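Colleague: I would like to see how this sequence folds:
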Amino acid sequence: MRERKLIRRIAANAQPRTAVPTWSLLALALLIPLLSCSSKPDPDTLVMIIENSPTNLDPRIGLDAQSERIDELLFDDLCTRDEHLNVQPGLAERWEIPDPLTYVFHLHHGVKFHDGRPLTSRDVKWTFDSLLQGKIRSTKAAAYRPVDHIDAPDDFTVVFHLKEPFATLLWNVSDGAIGIVPYGSVDEISLHPVGSGPFRFVSAEPDKDVIVERNDGYWGEKARLRRVRFAVIPDATTRALELRKGSADIAATSLTGDMVLALERESNLEVLRAPGTVLAYLAFNTRDPILKDARVRQALAYAIDRVPMIHYLQRDFARPAYSLLPPESWAYNVDVPHYNYNPDRARQLLEQAGYPAVNGVRFHLTLKTSTDENPRLVAAVLQQQLRDIGITLDIRTFEFGTFFSDITRGAYQLHSLRWVGGNEDPDIFEYVFHSAKFSPHGANRTYYTNPRVDALIDQARGELDQNARKQIYAEIQRILAEDLPYINLWYFENVMVHTRRVRNLTLNPPGNYDFLKTAELVP
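Modeller: Residues are numbered from 1 along each chain as shown. Sure thing, here's the model as predicted:
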């Protein structure tokens, strides 16, 4: 009971002292008519709210969620993924694997970039060569290390030659991994993206919006929306108010649970929800003098009580996570150590690690997170829960660009983030936990190293038999659950709030923006 009251209080009051609590503002907005009415929505423009600006719309570079999700609308990949996370044809209408070191892709005919240039095998080869040969500096290059070279024997055939068997190549050339750019493209794509996708780039203004329009010359099924404006609104309360006013049409997985429950009572709004794979996690800098000890990391895991946070903060729009992979993955291992809430065990581990409590305090830690409300509320609860075992947690919030820059440079002790899409295939373990993938060469931003994990990852990437790979990945997940470079918190449900003028919306597990390809506006 004490825990529940504590989390309720934090959810209501985890705001700057000078600010009115978020929920008070939202309740006021829902009960009292707004003094100034918004203008009538543009019948040709769907306004979708996003929490922050994309960091880079070059699909070879952008790693953050907004960059990858918007890129999927602007650029086509060689392959796509269906609702069950299986690889399907994309720009490549078919492919063959004549031997474990050769993949032959056959491209659709008649595909054009937004500027009218035809898309051919030369563009595909350039896209990957620009990474492999260092013409573009990007951590995504690490994902294609097993590729030796790429041939383009004719305009519609691309041949990948591998140095070693690479079981996840198809996944790494599919949706969200890397879109195809025109031949010769270098840094200019970041400022003015030119792809072949169902939408074309119009403009982008940092911290304000990104505007895209329908590509009327698209080779596949054309989008029904004429224009989409991605409005950058960092504050969750403001996002809710914009929806309530009708000045925005969609917010996808960007509102607190309380806000969703309140907004679904609005007559002009609807709520869609479905299981999701987006993972919230807490990451440790394993080079830190305190956090390099696995016993300390395990103690923190035992000190965190997910259950009340999921219920009171997420309003049950989430499910507990015990692996980087979602349960929908074929490689998911359910049989790994779980750190159920046990503060006594946490204190015991800290004593064993040499951190006795002195005047109730064992040591201080600093958690970095973004300014978005949901992670700030979670951070406030973590602060209270860790205080109970003698750890003082200082919270530092930053706008996303600064925050992400610090994380990629290893300038942190703990950070909280989400994996969006990338955690749906077990190849993520190589990218995130292999010692050869320390940032900026990959996404091992915890600087975790374990020779056994490295060897297992290398073995799994070369194993083509899926059953054998599953056993290898099961052991990797078991070791990671003991070493704990991450504390996996929960998988978010995909929750979309939208105005009733939007129709034909669907949600898929990754929570990407594919629904904009079929959505339409009605009067």
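
Colleague: contacting residues for the residue nearest to D216 when sequence neighbours are not counted?
Modeller: Nearest non-adjacent residue to D216, counting by C-beta to C-beta, 6 or more residues apart in numbering: K222, 6.8 Å away. Backbone N, C-alpha and C define where each C-beta goes, glycine included. Counting by C-beta atoms under 8 Å, 6 or more residues apart in numbering, K222 touches 198, 214-216.

Colleague: all strands for the stretch 1-150 of the chain, in order.
Modeller: Secondary structure of the stretch 1-150 of the chain (DSSP state E, counting those that start in this stretch): strands at 45-50, 79-81, 87-89, 92-99, 102-107, 147-154.

Colleague: which one of the ones you listed lies closest to K140?
Modeller: strand 147-154 (12.3 Å; C-beta to C-beta).

Colleague: which helices and strands sit right next to the closest one?
Modeller: Other helices and strands packing on strand 147-154, by 3 or more C-beta pairs under 8 Å, 6 or more residues apart in numbering; DSSP states H and E, are helix 121-132, strand 157-162.

Colleague: what about H109, how many residues nearby?
Modeller: Using other C-beta atoms under 10 Å, H109 has 12 other residues around it.

Colleague: test my guess that it contacts F156.
Modeller: Yes: the pair H109 / F156 is scored as a contact, 6.3 Å apart, by C-beta atoms under 8 Å.

Colleague: that older thread, with distance to Y355, mean neighbour count and mean pLDDT as extra columns, can I get the helices and strands packed on strand 147-154 in a markdown table?
Modeller: Shown next, in a markdown table, are the helices and strands packed on strand 147-154 (distance: least, C-beta to C-beta, whole Å; neighbours: other C-beta atoms under 10 Å; pLDDT from 0 to 100):
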| stretch | distance to Y355 | mean neighbour count | mean pLDDT |
| --- | --- | --- | --- |
| helix 121-132 | 44 | 21 | 97 |
| strand 157-162 | 48 | 20 | 98 |
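
Colleague: so which of those comes closest to A443?
Modeller: A443 lies closest to helix 121-132 among the helices and strands packed on strand 147-154, at 15.1 Å (C-beta to C-beta).

Colleague: what lies in contact with the closest one?
Modeller: With C-beta under 8 Å, 6+ apart, helix 121-132 has contacts from 60, 78, 91, 105, 107, 113, 135-136, 138, 140-141, 144, 147, 150-158, 178-186.

Colleague: centre of the chain versus the helix or strand where Y491 lies, how much separation?
Modeller: Here Y491, judged by DSSP states H and E, is contained in strand 486-492. Taking C-alpha atoms, centre = their mean, to the nearest Å, the mean C-alpha location of strand 486-492 is offset from the chain mean by 12 Å.

Colleague: so for L365, which of the strands of the stretch 1-150 of the chain sits nearest?
Modeller: When those are compared by C-beta to C-beta, strand 45-50 sits nearest L365, at 30.5 Å.

Colleague: before we move on, back to that, wait, which of the strands of the stretch 1-150 of the chain is closest to A380?
Modeller: That would be strand 45-50 among the strands of the stretch 1-150 of the chain, by C-beta to C-beta, at 23.5 Å.

Colleague: mind checking how far the residue nearest to D216 is from E213?
Modeller: Look at K222 and E213: by C-beta to C-beta, to the nearest Å, they are 12 Å apart.

Colleague: same deal with R445?
Modeller: 36 Å.

Colleague: neighbour count: these two, which is higher?
Modeller: Neighbour count, other C-beta under 10 Å: between R445 and E213, R445 has more, with 23 against 18.

Colleague: who's in contact with E96?
Modeller: 103-104.

Colleague: name the element F230 belongs to?
Modeller: strand 227-232.

Colleague: so which elements touch that strand?
Modeller: Using 3+ C-beta pairs under 8 Å, 6+ apart: strand 227-232 touches strand 45-50, helix 65-74, strand 209-214.

Colleague: sheet-wise, list the partners of the last one with their directions.
Modeller: On the basis of DSSP bridges, the sheet neighbours of strand 209-214 come out as strand 199-205 (antiparallel), strand 227-232 (antiparallel).

Colleague: kindly report the same for the first one.
Modeller: Based on DSSP bridges, the strands next to strand 45-50 in the sheet, each with its direction, are strand 227-232 (parallel), strand 250-252 (parallel).

Colleague: dump those to CSV, plus distance to T238, mean neighbour count and mean pLDDT.
Modeller: Shown next, in CSV, are these (distance: least, C-beta to C-beta, whole Å; neighbours: other C-beta under 10 Å; pLDDT from 0 to 100):
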stretch, distance to T238, mean neighbour count, mean pLDDT
strand 227-232, 10, 20, 98
strand 250-252, 11, 24, 95
